[in-house]
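> sequence and predicted structure below; questions after.
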Amino acid sequence: MNKNKRLPFFGGLAICFIVGLTILMLAWNDLASAGRYSLPWNAPPNFRVVYLATNNGLTKTRAKAPMLLKDALGAETVNTWRQVLGADQARQIDALVIDKSALSQVNKQELKTLFGRGIVITMFDVPASNVASLLEEPCLTEDNFGTEAYSGSSFFVSVSRLIQGTPEDIARIRSTKPCGGFVEGVTSPGAGVTLTKQTDNLLTDNDYNAFAQVLTAQMQTMRNAKSR
């Protein structure tokens, strides 16, 4: 499992780095060691999650996904890309979950816009390398992320990235160290990169509960970054 990282900027010699999200790894390790993945909440957290899936394209493993995601996260299932955009306009979403069956409906440029806003993008049964290609974000496959050998064909890849700072700072970060590291001349308070990435099997109801907790931690990380 890959850790999330974050780097703040300090003084005149700015440091841009990816935050280590300890809570994700601790929660995930606790869940894995317990062998059972029960939700720590009685009602879904206060996040807006949308699940894009086709009515007739879901695999047998994925058939219960709409119900499980609704129960765990309050997720709304939609069937078209237009409905995704409509849901976001009604109330800005925190995470977009895309089933492989609906991938052909996705507008790549609009997906990149959502990703650029710090929205967590999750894909079911789409390899991390393909996710990185769709988002045009090579940082997502650093450190061999997503190359794990899964025990089944059903899995999730969940990622987010947010670059913050003045327009000049953001341009400098993008042109030098978009994945994190030392960036000279970036001094605005709170400037930096927040990146999260998680992946694992998604085979059982318990796996969905574990995924719900990981996704919630990712959404909270991005919300915290935006509030800085």
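Looks like it came in fine.

> torsion angles phi and psi at Ser104?
phi -70, psi -20 (degrees, to the nearest 10).

> going forward, count from 18.
All set: I'll call the first residue 18, so the last point we hit is now Ser121.

> residues in contact with Leu69?
If you count contacts by Cβ atoms under 8 Å, 6 or more residues apart in numbering, Leu69 has them with 94-98, 100-101, 113-116, 119, 122-123. Where C-beta positions appear, they are placed from N, C-alpha and C, glycine not excepted.

> ah, wrong one, I meant Val66
The contact partners of Val66, by Cβ under 8 Å, 6+ apart, come to 86, 90-93, 110-114, 232, 236.

> same check on Trp58?
With Cβ under 8 Å, 6+ apart, Trp58 has no contacts at all.

> can you show me the strands along this structure?
22-24, 32-35, 66-69, 93-95, 112-116, 137-141, 172-181, 198-199, 209-218 (DSSP state E).

> for Phe199, give me the pLDDT.
Phe199 carries a pLDDT value of 70.

> I'd like to know how far it sits from Asn241.
23 Å (Cβ to Cβ, to the nearest Å).

> pLDDT below threshold where in this structure?
Applying pLDDT under 70 to the chain flags residues 18-54, 74-75, 166, 168, 198.

> at 80 what do you get?
18-55, 57, 59, 72-78, 160-161, 163-170, 194-202, 204, 206-207, 245 (pLDDT under 80).

> need the longest helix for it.
helix 222-244 (DSSP state H).

> residues of that one that come out buried?
For helix 222-244, the neighbour count (16 or more other Cβ atoms under 10 Å) marks 224-239, 242 as buried.

> next, the angle from it to strand 172-181.
Relative orientation of helix 222-244 and strand 172-181, computed by axes from the mean of the first three to the mean of the last three Cα atoms, to 10 degrees: 0 degrees.

> next, the angle strand 112-116 makes with helix 222-244.
Angle, helix 222-244 to strand 112-116, by the same axes, to 10 degrees: 140 degrees.

> other SSEs contacting helix 222-244?
Counting contacts by 3 or more Cβ pairs under 8 Å, 6 or more residues apart in numbering; DSSP states H and E, helix 222-244 packs against helix 39-51, helix 82-90, strand 112-116, strand 137-141, strand 172-181, strand 209-218.

> run the chain-centre distance for it.
Centre-to-centre, helix 222-244 and its host chain are 8 Å apart (Cα atoms, centre = their mean, to the nearest Å).
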